[in-house]
Structure formats: C-alpha cells, structure tokens
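> no sequence for this one, just the structure:
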Ligand SMILES: Nc1ncnc2c1ncn2[C@@H]1O[C@H](COP(=O)(O)OP(=O)(O)OP(=O)(O)O)[C@@H](O)[C@H]1O
C-alpha cells in the first residue's frame, strides 16, 4: 500500500537518510527500532511530507506523495502523532479534537467513533489538555490524528515516559486500530513493545534500513538486538 523507495534525505548538507526502502501493507504494524539519531523520526517526517527527499519516491498506492505539497499529504489518509504530542495545552480536550475535525468536512459520527476508542477522553471533554496525564495526552493526540480517518497512522514514540499500565493501553489501541484496518508505523525505543505489537520490525542504523524481520525472528536471535540497539531482550 505505502512504498518508500530509495529515499535520500538531507538536513542542509548533512545526509540523514540513505536509500531508505520499505513497504507497509494494509492493517500492518511496522515498528522502527534503532539507536538515538538513527533517523527514525526523519523517516516519519518524510512520509508525512514535512521533509522532502532529495531523491527517491514515496507512494501510497498510485499517488506519488513526494510530488505533493506538504499540506496535501495528510489528506491522502495519513495521520501523524509527533514525539511530544504537540497538543494545544491551554485548550480543552473537546477543542483539541475539534482542531482535528476541522480538517475534514463531515464531523459528527467520526467524533463519536473516535471517542468510543478512548472512553477516558469522553469523561474529560472540558478539561484543559495541559492538565491531562501523559497517557491521556497521548490518547488525545492519537484521537486527534484519527479524526481524519487515516488509513495509515504514524506514531513517534507514543509510550515515551508513560507508566506500564498506560503503555499497555496505548499498545492495545494500536492493536484495535489494526483490526479496523489502519496500518501503523510505530517508532519505539522499547524493544518489548515492538516485540509485543509489531507485525514486522525494521532496524534503522545510520540512516539506513539495516534489516526487516518478524518479532519471532528477533526472539530467536537476541544477538540482533545487541547489534542494532545495544540491548538484550528481557525474560
Ligand atoms: N532539524 C534538523 N537539523 C539538522 N539535523 C537534524 C535535524 N533534525 C534531526 N537532525 C539529525 O538527523 C539525524 C536523525 O535524527 P532523527 O530525529 O530522525 O533520529 P531518531 O532515530 O528519530 O532519533 P531519536 O530516537 O533520538 O528520536 C540525527 O543525527 C539528528 O541530529
């Protein structure tokens, strides 16, 4: 469905992505793992159109996303939840959701469906976003992105800084979205999360896709983790 084909991306004269190539199937969860600075966030920014590859191509079915202006890319059905969530802290939960709904023409039933996924937000519609817990803020940021009814969701470290129970909830929602046919590219630092939820794992190393594998393959060969992220698998 989504094809990233040999993209080369630069910040000024510094090349940060080198011939990055992978694909994403409908309803698939692809997890990007790699050391700090490997290029994971830059991959998401390239898919959503915020960074333009100097060469290479990103396409969604027959649409060339790299040829579109950045604001047209999300409209093709791609939702992006950046690291740090970028909510409007002074606005309420409801107002933050409305920001997501504004981007589309029809709204009412989408709002209800999104809130069904996040019952905790329904209870807090009038609360200022900045006063939500970290997990609730992540849910709100994800809910806002889902207002566009994306076919693909890009999540940058959604579990960062959360308590284990919240991490489990966020990952459960990613699993529910898969059942609904939403494909996800998930940037994760926690290997356990990747093993738990991913259909495939792509290791990013120095701006390249070093290897793509299933979680089972990684479990069978934990040395790969030492190689790419410098950690071992617990348990
Ligand atoms: N705006 C920028 N200007 C210049 N260089 C940048 C910019 N943003 C990122 N970089 C550099 O690009 C490289 C890749 O960064 P990126 O944020 O994609 O990595 P990452 O794998 O997501 O890292 P982390 O896990 O630490 O978030 C890094 O070397 C980083 O310093």
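Looks like it came in fine. Predicted model, so just to flag it, every value in this text is computed and none were measured.

> Could you use CA atoms for every contact and neighbour count after this?
OK.

> next one: phi and psi at the residue positioned nearest the centre of the chain?
Central residue of the chain (Cα atoms, centre = their mean): residue 155, 1.8 Å from the mean position. Note on residue 155: its backbone torsions stand at phi -120, psi 120 [degrees, to the nearest 10].

> So for it, what's the pLDDT?
Residue 155 is assigned 96 on the pLDDT scale.

> Give me the residues contacting the strand or helix carrying residue 143.
Take DSSP states H and E as the rule and residue 143 turns out to sit in helix 134-146. If you take Cα atoms under 8 Å, 6 or more residues apart in numbering as the criterion, helix 134-146 is touched by 79-81, 85-87, 93, 96-101, 114-115, 118, 120-121, 129-130, 153, 158-159, 161-163, 166-167, 170.

> Show me how to select, in PyMOL, the buried members of these.
Selection of the buried residues among the contacts of helix 134-146 in PyMOL, burial being defined by 16 or more other Cα atoms under 10 Å:
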select buried, resi 79+80+81+85+87+93+96+97+100+101+114+115+118+121+129+153+158+159+162+166+167+170
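
> Low-confidence stretches in the protein?
Along the chain, the parts satisfying pLDDT under 70 run over 104-108, 231-235.

> report the longest helix in it, please.
Counting residues, the longest helix in the chain under DSSP state H turns out to be helix 164-179.

> Just list what that helix packs against, helices and strands only.
Counting contacts by 3 or more Cα pairs under 8 Å, 6 or more residues apart in numbering; DSSP states H and E, helix 164-179 packs against helix 134-146, strand 183-187, helix 191-197.
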